[in-house]
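K.L.:
no FASTA, just this:
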């Protein structure tokens, strides 16, 4: 349908950064609402912010959907809106953190016309506040997932943290 747009709000959280983390997503489309929340044992805030966007895009059922993503992460929004991630890609993400997630993001990003809007966190934007609650609550879950891109098989950080 012309003018159709999926509106997505995302947020990520990490307690300790690095530490236990979570992501929260609220998706709105044609009067429907979907929420996603996942918790991870050891990760960083930036990884959760980016993974929230990835999980939202992964959940789309068809290609070429117009998508507008609202995030309070300047790391994510500016990387795309200012073109940094595309330069990082041409250098094969050399010396860039979270290369595994950025590569995964770019594959999904190219399936849809996606735009990013930065919103100030904790500024009474209802859906952003909901994502924050989902992310924080998920970080306290009992069956936390492993962020395999963050931790190697020896339990050591792959991103410069010990």
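P.N.:
Thanks, I have it. Worth saying up front: this structure is predicted, and the values here are computed from it rather than measured.
K.L.:
show me what counts as buried in the helix or strand hosting residue 85.
P.N.:
Here residue 85, judged by DSSP states H and E, is contained in helix 84-90. Residues of helix 84-90 classed as buried under the neighbour-count rule (16 or more other CB atoms under 10 Å) are 85, 88. C-betas here are computed from N, CA, C, even on glycine.
K.L.:
show the subsequent helix or strand relative to it.
P.N.:
If you walk from helix 84-90 toward the C-terminus, the next helix or strand you reach (DSSP H and E) is helix 99-109.
K.L.:
stretch 82-99: how far from the chain's middle?
P.N.:
Per CA atoms, centre = their mean, to the nearest Å, the displacement of stretch 82-99 from the mean C-alpha position of its chain is 16 Å.
K.L.:
quick one: average confidence on that stretch?
P.N.:
Per-residue confidence for stretch 82-99 averages out to 94 on the pLDDT scale.
K.L.:
same question for stretch 110-117.
P.N.:
Throughout stretch 110-117, pLDDT has a mean value of 96.
K.L.:
residues in contact with it?
P.N.:
Contacts with stretch 110-117, where a contact means CB atoms under 8 Å, 6 or more residues apart in numbering, come from 57, 60, 63-71, 76-77, 80-81.
K.L.:
pick the one among those closest to residue 44.
P.N.:
Comparing the contacts of stretch 110-117 against residue 44 with CB to CB picks out residue 76 as the nearest, at 12.8 Å.
K.L.:
burial of that closest one, as a residue count?
P.N.:
A total of 25 residues lie near residue 76 under the criterion other CB atoms under 10 Å.
K.L.:
next up, the contacts around it.
P.N.:
Under the criterion of CB under 8 Å, 6+ apart, the contact partners of residue 76 comprise 10, 46, 49-50, 53, 116.
K.L.:
which among the contacts of stretch 110-117 end up buried?
P.N.:
Buried residues within these, counting neighbours by 16+ other CB under 10 Å: 57, 60, 65, 67, 69-71, 76-77, 80.
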